[in-house]
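*Asks:* Would you be able to build a 3D model of this:
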Amino acid sequence: MIDSTGNKPINIGDFEQKTSNYVSISSGNATLPYAVRYYATGAATAGKVVSSVMYSLIYN
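*Replies:* Next up is the predicted model:
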């Protein structure tokens with residue numbers, strides 16, 4: 001997973017990793033700037049690529 005505002009990898013599971021990117025919430029909605037990259041472990045062929053992520057949000 002990548003922070004698409006800086007195109008830097010997000011180390012999943014690293015609780016020490018922090019970001020200074022803030023997202024405004026208007027009308028109860030927000031868009032988080034994440035992206036993914038495709039890494040082939042063998043020869044790549046044409047086709048559809050699907051990704052997903054599940055995360056927890058802690059609000060203080």
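*Asks:* Quick check: closest non-adjacent residue to Q17.
*Replies:* N11 (5.2 Å; CB to CB, 6 or more residues apart in numbering). All C-beta atoms are positioned from the backbone trio N, CA, C, and that covers glycine.
*Asks:* same deal with N7?
*Replies:* Leaving aside its sequence neighbours, N7 sits nearest to A35 (CB to CB, 6+ apart; 7.9 Å).
*Asks:* now the one you found: how far from A44?
*Replies:* 18 Å (CB to CB, to the nearest Å).
*Asks:* In contact with the residue nearest to the spatial centre of the chain, which residues?
*Replies:* By CA atoms, centre = their mean, the chain has its centre lying nearest to Y34, at 3.3 Å. Residues in contact with Y34 (CB atoms under 8 Å, 6 or more residues apart in numbering) are 1-4, 10, 53.
*Asks:* Please convert these to JSON lines, extending it with pLDDT and distance to N60.
*Replies:* Below are the contacts of Y34 laid out as JSON lines (pLDDT from 0 to 100; distance: CB to CB, whole Å):
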{"residue": "M1", "pLDDT": "79", "distance to N60": "23"}
{"residue": "I2", "pLDDT": "83", "distance to N60": "26"}
{"residue": "D3", "pLDDT": "81", "distance to N60": "21"}
{"residue": "S4", "pLDDT": "80", "distance to N60": "25"}
{"residue": "I10", "pLDDT": "81", "distance to N60": "21"}
{"residue": "V53", "pLDDT": "74", "distance to N60": "22"}
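*Asks:* out of those residues, which are inside strands?
*Replies:* Per DSSP state E, strands hold the following members of those: 2-3.
*Asks:* end-to-end on stretch 35-42?
*Replies:* For stretch 35-42, the first-to-last residue distance is 22 Å (CA to CA, to the nearest Å).
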